[in-house]
Structure formats: C-alpha cells, structure tokens
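Trainee: just need the structure, nothing else, for what follows:
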Amino acid sequence: MVEPIWVDGANVRGGRCRCNQIRRALSRSPMLKRREDASQLSSVRELVAQTGATGPSDLVSVKALWKNLAADQYQQARRTGKRGDSTNVAVNPYHMIASALEQHSGVRMIYVLAVIAGIVGAVGGWLVTGALTAWVAGLYGTSDFEGARSMFAFLAVGPLGALMSMIASAWLVLRAGKGRTSVAPTLGRFAIVLGAIVMMVAAGVLLRLYTIDTYTNTAPPSLEFEIRVPAAMLVPEPSALRVELDTDKNVGESTLADRWVPAENDHKVLTGSVPLAFKTWSRLVVVSLPDQPTRLFRLPLSRDPQSTATLNAWCHADHIDVRGEGQPRAAPADDPVEMRYRVRRAGDD
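Mentor: Take a look at the predicted model:
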C-alpha cells in the first residue's frame with residue numbers, strides 16, 4: 001500500500017490540477033497516435049496523484065511506483081496488442097509522464113530565459129548604442145561641454161537601442177528551435193514576457209522611490225515646536241539656547257524666536273522650527289540650556305509625516321543627559337521643561 005503524499009498541505013491523491021496539466025500536455029503529445037491510447041490516462045492520473053511529481057527530477061519515484069502499480073495493466077495491454085502493429089501497443093505510463101513533465105518544465109523555463117535575455121539585452125543595447133552614438137557625435141564635432149554629448153548619447157539615443165535590443169533578445173529566445181512554425185503562439189508568449197519585464201521595472205522604480213530618503217520634488221516639511229518652562233525659572237536668552245533635531249541621517253539646527261513670551265498657567269514659551277530634511281523613522285529633539293541637563297524628546301512620527309493641523313499636547317523629555325554620567329537616563333516626571341510640536345508642509349496655511 002503506497003502512502004498518500006502531501007504537497008503544500010494538501011493530499012495529492014487524486015490531485016486534479018496537476019493531472020489536468022498532464023492530460024493537456026499528453027493530448028498534444030505525438031506519442032498518442034490512437035484514440036485507444038487515451039485509456040492509459042487513468043493510470044497516468046493515478047501515478048501523478050500519488051507521487052505529486054512536479055518536474056523531471058521526480059521521474060525516479062514515478063518509475064518506481066509504476067513498476068508496482070501499473071505493471072500488470074501494462075503487460076496485459078502488451079499481450080493484447082497485435083504483433084507488428086506498434087500503434088496498438090499500449091504506451092508505457094512512465095514515458096508518458098516523462099514527456100508531459102519535460103514539456104511543462106521546458107515551457108516554464110523558456111519564459112524565464114526570455115525575461116533574462118530581454119533584461120540583459122536591454123542593458124547591453126543601451127551601453128553599446130550610447131557608446132557608439134557618443135563616438136559618432138564626436139566625429140561630427142558635437143561639443144561635450146558639461147557632458148552634453150554623453151547625455152545626448154546615453155539619455156536620448158541609448159534607450160532606443162535598449163528597447164530594440166530587448167525585443168530582439170526575447171524574441172530570439174522564444175523562437176529558438178521553432179523553425180517555420182506559426183509566429184502567432186510566439187507573439188502571445190512575447191507579450192507575456194514583455195509584461196513581466198515591465199512589471200519588474202515598475203516594481204524596481206517604485207521600490208527605489210520608496211527608499212529615497214530625501215525630498216527631491218517638493219520642499220521638505222518642517223517641525224514647528226514650542227518649549228515651555230515655569231515663569232519663575234531662570235532661562236537664558238534664546239541666542240544661548242540650542243535646539244537640534246538628531247536623526248540617523250543628519251543633525252538639523254533650529255531657528256528660534258527672539259524672546260520668551262508669557263503663557264497661561266504662569267509659564268513662558270519660546271517658539272521655533274527645524275526642517276525635517278530626511279525621511280526617516282528615527283528623530284530626536286535635543287534641547288540644551290546652559291547649566292542644565294540636556295533634554296531628549298523622542299518624536300513618534302512616521303518616515304514621511306503629513307501635516308498636522310494643531311500642536312500636540314505638552315510632553316516631558318523622554319531622557320536627560322547629565323554631563324559626567326556617561327549615559328542618558330529617564331527624565332523625571334516632574335521635569336520643568338516641556339515641549340509640543342506640529343508638522344508643517346510647504347503650502348499649508
């Protein structure tokens with residue numbers, strides 16, 4: 001008794017998906033010269049279902065199972081066949097499966113090879129076309145001031161060569177060994193290959209745009225903040241106060257107001273702003289007052305934050321850095337320095 005085989009969490013005994021692929025391939029195979037040979041498909045379906053064969057490397061297990069399960073049927077078919085009439089001799093199920101699996105593997109691989117050939121051809125065509133164009137343009141006296149000739153060659157003419165080379169490379173791979181057969185099936189495959197290349201390029205462009213950490217087409221947003229202290233607390237002039245935005249990309253200097261202004265609840269407030277020049281998840285506002293511990297405010301903003309209409313609630317520092325202690329420590333809950341902020345983008349009122 002052969003135990004059932006599981007593939008991707010499902011029992012493949014009687015697996016119709018794989019068997020239907022095998023049957024479609026066998027129906028086009030030249031091995032089936034007579035309608036009577038189609039009766040062998042039942043044993044083929046049984047073998048495929050019990051082995052879960054997915055490629056030519058699985059044919060060893062298929063052959064072993066056939067020897068145990070299909071030998072009697074095969075021998076009976078051979079005995080009933082007429083001597084000298086090869087068309088009546090039943091087809092060995094092992095060879096039928098081998099033909100089908102090799103055909104399916106070859107079809108899948110031809111798409112992969114065509115995509116690779118198209119990409120390699122596009123890169124090679126762009127380089128060769130750009131280099132030849134730059135050389136010819138130089139012969140005709142085209143100026144290369146500030147790289148004008150190279151930009152024309154590689155940015156204007158090079159992409160045309162890349163496109164033609166990509167099309168030719170993918171087409172040659174798909175037509176290899178086809179001879180004078182109809183080009184209609186190849187056109188369908190060619191469209192699939194081009195679609196795959198376009199999707200790969202689009203995915204690469206989107207990934208690159210997502211991972212760019214600078215603002216290239218728009219002005220970067222800014223962080224507008226207010227620092228509040230008790231009115232009785234002695235504070236320095238704003239010029240002596242230092243507020244920075246520390247990220248894993250840069251350290252940004254802030255712009256502060258000219259003076260502290262009185263606020264409600266017996267406090268005074270100093271306003272300022274600092275640009276969010278880079279897209280990043282790591283942002284820390286560092287507030288340094290003379291003769292005071294350095295206060296660290298962690299900003300829970302997204303990588304590319306959107307504008308916020310109002311200032312958030314007042315918050316205390318997350319950590320303080322006392323000179324001489326070596327490492328920052330958690331800020332006390334009653335720390336007198338507080339901060340609130342909002343994100344502002346260009347064009348906001």
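Trainee: give me the pLDDT for Met1.
Mentor: pLDDT, Met1: 40.
Trainee: kindly apply the preceding question to Gly15 instead.
Mentor: 42.
Trainee: repeat for Phe145
Mentor: Note for Phe145: predicted pLDDT of 83.
Trainee: for it, phi and psi?
Mentor: Dihedral angles of Phe145 (phi, psi; degrees, to the nearest 10) stand at phi -60, psi 120.
Trainee: so what's the residue count around it?
Mentor: 7 (other Cβ atoms under 10 Å). C-beta here means a position set from N, CA and C on the backbone, and glycine is covered the same way.
Trainee: so is Thr271 in a helix, a strand, or just coil?
Mentor: Secondary structure for Thr271, judged by DSSP: H, G, I helix; E, B strand; the rest coil, is strand.
Trainee: that one reaches Leu256, doesn't it?
Mentor: Yes. Taking contacts as Cβ atoms under 8 Å, Thr271 lies within contact range of Leu256: 7.5 Å.
Trainee: these two - which one has more neighbours?
Mentor: Using other Cβ under 10 Å, the more surrounded residue of Thr271 and Leu256 is Leu256, with 20 against 16.
Trainee: check contacts around Leu301.
Mentor: Neighbouring residues of Leu301 by Cβ atoms under 8 Å, 6 or more residues apart in numbering: Leu276, Arg283, Val343.
Trainee: tell me where the stretch 151-300 of the chain has helices.
Mentor: According to DSSP state H, counting those that start in this stretch, the stretch 151-300 of the chain carries its helices in the segments 158-175, 184-211.
Trainee: so what does the first one touch, helix or strand wise?
Mentor: It refers to helix 158-175. Here helix 158-175 touches helix 93-139, helix 184-211, going by 3 or more Cβ pairs under 8 Å, 6 or more residues apart in numbering; DSSP states H and E.
Trainee: I figured Leu289 hits Pro336, correct?
Mentor: No. Applying Cβ under 8 Å, one finds Leu289 not in contact with Pro336, separated by 10.4 Å.
Trainee: the more surrounded of those two?
Mentor: A count of neighbours by other Cβ under 10 Å puts Leu289 above the other of Leu289 and Pro336, at 19 against 13.
Trainee: if we ignore the residues flanking it in sequence, what's nearest that one?
Mentor: Sequence neighbours aside, Leu241 is the residue nearest to Leu289 in space, at 6.0 Å (criterion: Cβ to Cβ, 6 or more residues apart in numbering).
Trainee: what number of residues lie near the residue lying closest to Val269 once chain neighbours are set aside?
Mentor: Leaving aside its chain neighbours, Val269 sits nearest to Ala263 (4.4 Å; criterion: Cβ to Cβ, 6+ apart). By other Cβ under 10 Å, the residues close to Ala263 number 14.
Trainee: how close does Ala263 sit to His316?
Mentor: As judged by Cβ to Cβ, to the nearest Å, Ala263 and His316 stand 16 Å apart.
Trainee: okay, now the spatially closest residue to Val123 that is not a sequence neighbour: neighbour count?
Mentor: Once flanking residues are discounted, Val123 sits nearest to Ala162: 7.2 Å by Cβ to Cβ, 6+ apart. When neighbours are counted by other Cβ under 10 Å, Ala162 registers 21.
Trainee: one more: Glu338?
Mentor: Residues contacting Glu338 under the criterion other Cβ under 10 Å number 19.
Trainee: again with Gly252
Mentor: Close neighbours of Gly252, defined as other Cβ under 10 Å, add up to 20.
Trainee: mind listing the residues bridging to it?
Mentor: Gly252 has these beta-bridge partners by DSSP bridges: Leu245.
Trainee: got a list of what the nearest residue to Glu244 once chain neighbours are set aside touches?
Mentor: Leaving aside its sequence neighbours, Glu244 sits nearest to Val286 (Cβ to Cβ, 6+ apart; 4.5 Å). When contacts are counted by Cβ under 8 Å, 6+ apart, Val286 touches Arg242, Val243, Glu244, Leu245, Asp246, Thr294, Arg295, Leu296, Phe297.
Trainee: what pLDDT does Val286 get?
Mentor: pLDDT, Val286: 95.
Trainee: roughly how far does it sit from Lys249?
Mentor: Val286 sits 15 Å away from Lys249, going by Cβ to Cβ.
Trainee: repeat for Ile116
Mentor: Going from Ile116 to Lys249 by Cβ to Cβ gives 36 Å.
Trainee: name the residues that touch stretch 222-238?
Mentor: Residues contacting stretch 222-238 (Cβ under 8 Å, 6+ apart): 241, 243, 245, 254, 256-260, 262-263, 266-276, 285, 287, 289-290, 299, 311, 314, 336-345.
Trainee: stretch 117-135 now?
Mentor: By Cβ under 8 Å, 6+ apart, the residues outside stretch 117-135 that reach it are 149-150, 152-154, 157-170, 172-173, 193-194, 197, 200.
Trainee: could the helices and strands packed on helix 158-175 be laid out in JSON lines, adding mean neighbour count and distance to Arg228?
Mentor: Below are the helices and strands packed on helix 158-175 laid out as JSON lines (neighbours: other Cβ atoms under 10 Å; distance: least, Cβ to Cβ, whole Å):
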{"stretch": "helix 93-139", "mean neighbour count": "17", "distance to Arg228": "58"}
{"stretch": "helix 184-211", "mean neighbour count": "12", "distance to Arg228": "37"}
